[in-house]
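Student: Got a sequence here, can you build the structure:
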Amino acid sequence: ATTCTDCPAGKYISDDGTWYSNHDSSYDCDSCSAGKYLSESSCVVCGANTYSDSGATTCTDCPAGKYISDDGTWYSNHDSSYDCDSCSAGKYLSESSCVVCGANTYSDSGATTCTDC
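Tutor: The predicted structure follows:
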């Protein structure tokens, strides 16, 4: 070949060109694992309130009223929509944490606001 071929969309090779054997086949192209997304030529852990499937190029937001409190430290906390939690009754979701309802208010599980009594 007279030129190199790019990896397919969503795949990358982490080697910077040091080892030719890491660049001699499309099988050398890797996907990011679930909980990470491809940013340029490396995998990055999804941030708070997001998750991803394997091979993702972006992270997906948790459904409304759900959150992931991890800020991107552990990819295993971001590898499935099942990682998105709801606040328990008596609390509401504010950003990426649950806050206890104030005086004279209450909430059901999964609330994003509290209701006046």
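Student: and the worst-scoring helix or strand of the chain on mean pLDDT, what other elements does it pack with?
Tutor: The weakest-scoring helix or strand in the chain, judged by mean pLDDT, DSSP states H and E, is strand 11-12 (a mean of 84). Counting contacts by 3 or more CB pairs under 8 Å, 6 or more residues apart in numbering; DSSP states H and E, strand 11-12 is packed against strand 30-31. Every C-beta, even on glycine, is put in place using the N, C-alpha and C of the backbone.
Student: try 10 Å this time
Tutor: When contacts are defined as 3 or more CB pairs under 10 Å, 6 or more residues apart in numbering; DSSP states H and E, strand 11-12 packs onto strand 30-31, strand 36-39.
Student: Which strands or helices does the first one pack on?
Tutor: Counting contacts by 3+ CB pairs under 10 Å, 6+ apart, strand 30-31 is packed against strand 11-12.
Student: now the longest one
Tutor: Identification of packing neighbours for strand 36-39 by 3+ CB pairs under 10 Å, 6+ apart yields strand 11-12, strand 42-45.
Student: So what are the sheet partners of it and their directions?
Tutor: For strand 36-39, the paired strands and their directions (DSSP bridges) are strand 42-45 (antiparallel).
Student: Low-confidence regions, the protein specifically.
Tutor: Applying pLDDT under 70 to the chain flags residues 1, 19, 22.
Student: where along it do the strands fall?
Tutor: 11-12, 30-31, 36-39, 42-45, 50-51, 60-61, 66-67, 85-86, 91-94, 97-100, 105-106, 115-116 (DSSP state E).
Student: what sits against His23?
Tutor: Applying CB atoms under 10 Å, 6 or more residues apart in numbering to His23 gives the contacts Cys4, Thr5, Cys7, Ile13, Asp15, Gly17, Cys29.
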